[in-house]
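*Asks:* Structure here, sequence nowhere to be found:
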DNA sequence: CAAAGATAATGACATATATCAATATATCTA
DNA sequence: TAGATATATTGATATATGTCATTATCTTTG
């Protein structure tokens, strides 16, 4: 990606492409704009790391970012994939000012960093914005509950089905779709070894539920995938 | 528990026993007090159920409550045990007005129900209260991340170790402790079958890490439990 | 107190899943 | 382009964990 083709018309322009700034007036948007740092990340680059201080509110304007918890034995658990225009919010902002998960660009990406002082002051002064934020946090929480059930109560086919449906419906929003996620990433999203993830994908392929060619996926039988997701 | 020995001096009295009302002035406390319904639950009674409308903000003043997600095949995942004075907050409040998990009294309990209109209006008008609330939500979120890692990346001994340490340090805050949680509950907290939970407990007993007698537990070697928790 | 019902404990067995090793394929780099 | 490195795939095997059946223990209730 060319560094000069960047999207830098300010927060007002982004406002058209998302709902998260809907509760802000022009002067409030300017507050954010003034404190905004636009940063470009190459695919594979770490955006922030679990365990480091959380100093900024981060808004993704281009590319895709995976968020993941670094667990034991170098095993990661991918919480989700963020796409533009969406912010990446960690619970540390209002707790211990630390990052509780890491974020890595899986495509060349552009993110805006806003210092937390500005962000928190807006939360305090604009009740609509605070409510919108609470709503976002809540929706993320609901997603986490679904992830909990998927990871702890479903067998491997159900978990892989959930990942495929998530990618199709929530991340790429197309079918077929191309992903830059590796097989290891798919495994980290479904809490299994990469060998197991590969095996399940092959089974789905053999049963004509999906078509796979490298990193190109097509869901051929979404209903069947939903059924597999539900029956564990 | 005798219905007449109830704690009913109003929110101001509860304020001494918790931090959650710290950001409220007297008139705001009165607002809550006016809309407050105090309800007694017997052990085993359902307080609210996943999938039903979420109409109240709930504050536990006596007893203990387990919160759990109802998954597939009648399998539950216990998120945690709430003790007084703490509120039980679901993400539905700011999302779809639904309960996303269930709550059940595991001891005779008393809870205050406050309608959400009052609660939300306080969030809008009192920035300190809103920040305190965000902090609570964030801490809960951080706990959930730890639970994620425990449930998805640790083997059974590590998961049972986490449950035992959680009960000792966070729920009962004594050692030895007595619990009203069944073996099935312990299994639902650690994402395994009750038979497996029982087996691991016996192993810990045989290794003199814990002492178990029915529902009376004593952690004899906490350091060892911590080590087991860390090595998976 | 005895009977009944629930909960707990244990063993035998089945199976889902991880691990290890080998090979294949893709991607990078000199 | 060739070599090197990373990633993907497959098969054989080990193991963690669930399921089922049985017995034991506790708790309730008439």
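*Replies:* Structure's in. What do you need? Predicted model only: the values in this text are computed from it and were never measured.

*Asks:* Does at least one residue of the lengthiest helix in chain A sit close to DNA strand D?
*Replies:* Secondary structure of chain A per DSSP state H: the longest helix is helix A:127-153. No. Remark: helix A:127-153 sits outside contact range of DNA strand D, by C-beta under 7 Å from any atom of the strand, the gap being at least 9.0 Å. Bear in mind the C-beta positions are built from the backbone N, C-alpha and C, glycine included.

*Asks:* contacting residues around residue A:200?
*Replies:* For residue A:200, the contacting residues are A:156, A:157, A:160, by C-beta atoms under 8 Å, 6 or more residues apart in numbering or on different chains.

*Asks:* what does the average pLDDT come to for stretch A:52-68?
*Replies:* Stretch A:52-68 carries an average pLDDT of 95.

*Asks:* just to revisit the earlier point, could you check how far the helix or strand that the longest helix of chain A is followed by is from the centre of its chain?
*Replies:* Later in the chain than helix A:127-153, the nearest helix or strand by DSSP states H and E is helix A:156-166. Relative to its chain's centre, helix A:156-166 lies at 16 Å (C-alpha atoms, centre = their mean, to the nearest Å).

*Asks:* now do stretch A:71-84
*Replies:* How far stretch A:71-84 lies from its chain's middle: 9 Å, per C-alpha atoms, centre = their mean.

*Asks:* got a list of contacts for that stretch?
*Replies:* With C-beta under 8 Å, 6+ apart, stretch A:71-84 has contacts from A:17-18, A:60-70, A:88, A:101-103, A:106, A:143-144, A:147, A:151, A:166-167, A:170-171, A:181, A:185, A:188-189, A:191, B:148-149, B:152-154, B:230-232.

*Asks:* what mean pLDDT would you report for that stretch?
*Replies:* Mean predicted lDDT for stretch A:71-84 stands at 95.

*Asks:* go on, stretch A:90-107?
*Replies:* Confidence over stretch A:90-107 (mean pLDDT, whole number) is 96.

*Asks:* That stretch near DNA strand C anywhere?
*Replies:* No. Under the criterion of C-beta under 7 Å from any atom of the strand, DNA strand C is not reached by stretch A:90-107; the shortest gap measures 12.8 Å.

*Asks:* measure that stretch end to end?
*Replies:* End-to-end span of stretch A:90-107 (C-alpha to C-alpha, to the nearest Å): 21 Å.

*Asks:* so how far is that stretch off the chain centroid?
*Replies:* Between the centre of stretch A:90-107 and the centre of its host chain there is 12 Å, according to C-alpha atoms, centre = their mean.

*Asks:* can you map out the strands along chain A?
*Replies:* Shown for chain A, the strands assigned by DSSP state E span residues A:36-41, A:46-48, A:56-62, A:65-70, A:76-82, A:86-88, A:102-105, A:109-115, A:177-178, A:210-213, A:216-219.

*Asks:* Can you point out the buried residues in stretch A:71-89?
*Replies:* For stretch A:71-89, the neighbour count (16 or more other C-beta atoms under 10 Å in any protein chain shown) marks A:71, A:75-89 as buried.

*Asks:* nope, stretch A:144-158 is what I meant
*Replies:* Quick answer for stretch A:144-158 (16+ other C-beta under 10 Å): A:144-145, A:147-154, A:156-158.

*Asks:* tell me the mean pLDDT for that stretch?
*Replies:* Per-residue scores along stretch A:144-158 average to 97.

*Asks:* got a list of contacts for that stretch?
*Replies:* A:77, A:79, A:159, A:162, A:190-192, A:196-197, A:200, A:203-204, A:228-232, B:69, B:71-73, B:75, B:77, B:91, B:100-101, B:141, B:144, B:147-148, B:151-152, B:191.

*Asks:* In contact with the closest residue to residue A:28 other than its chain neighbours: list those residues for me.
*Replies:* The shortest distance from residue A:28 to any non-neighbouring residue, by C-beta to C-beta, 6 or more residues apart in numbering or on different chains, is to residue A:122 (6.0 Å). Counting by C-beta under 8 Å, 6+ apart, residue A:122 touches A:24, A:28, A:31, A:32, A:129.

*Asks:* For burial, what's the neighbour tally of residue A:53?
*Replies:* For residue A:53, the neighbour count with other C-beta atoms under 10 Å in any protein chain shown is 11.

*Asks:* quick one: it and residue A:97 touch, right?
*Replies:* Yes. Counting by C-beta atoms under 8 Å, residue A:53 does reach residue A:97; the two are 5.8 Å apart.

*Asks:* For stretch A:210-223, buried residues please.
*Replies:* For stretch A:210-223, by 16+ other C-beta under 10 Å, it's A:210, A:217, A:219, A:222.

*Asks:* Equivalent analysis for stretch A:27-46, please.
*Replies:* Per 16+ other C-beta under 10 Å, stretch A:27-46 contains these buried residues: A:28, A:29, A:31, A:32, A:33, A:35, A:36, A:40, A:41.

*Asks:* Kindly report the same for stretch A:108-116.
*Replies:* In stretch A:108-116, counting by 16+ other C-beta under 10 Å, buried: A:108, A:109, A:110, A:111, A:112, A:113, A:114, A:116.

*Asks:* Just confirm yes or no for it near chain B.
*Replies:* No. Using C-beta under 8 Å from any C-beta of the partner chain, stretch A:108-116 stays clear of chain B, with a minimum separation of 12.3 Å.

*Asks:* Just checking the distance from that stretch to the centre of its chain.
*Replies:* With C-alpha atoms, centre = their mean, you get 14 Å for stretch A:108-116.

*Asks:* same check, this time on stretch A:38-46
*Replies:* A distance of 15 Å separates the centroid of the chain from that of stretch A:38-46, by C-alpha atoms, centre = their mean.

*Asks:* And chain A, what are its domain boundaries?
*Replies:* A:3-150, A:154-230 (automatic domain parsing).

*Asks:* For residue B:49, find the nearest of these.
*Replies:* The closest of the domains of chain A to residue B:49 is domain A:3-150. By C-beta to C-beta, the value is 14.6 Å.

*Asks:* re earlier: which one among the contacts of residue A:122 gets closest to DNA strand D?
*Replies:* Ranked by distance to DNA strand D (C-beta to the nearest atom of the strand), the contacts of residue A:122 are led by residue A:32 at 35.8 Å.

*Asks:* Let me see the contact set for that closest one.
*Replies:* Residues near residue A:32 by C-beta under 8 Å, 6+ apart: A:11, A:24, A:114, A:118, A:119, A:122.

*Asks:* From the contacts of residue A:122, pick the one nearest residue B:133.
*Replies:* residue A:129 (14.8 Å).

*Asks:* which residues does the nearest residue to the closest one once chain neighbours are set aside contact?
*Replies:* Excluding the flanking residues, the one nearest residue A:129 by C-beta to C-beta, 6+ apart is residue A:23, at 4.1 Å. Residues in contact with residue A:23, defined by C-beta under 8 Å, 6+ apart, are A:126, A:128, A:129, A:131, A:132.
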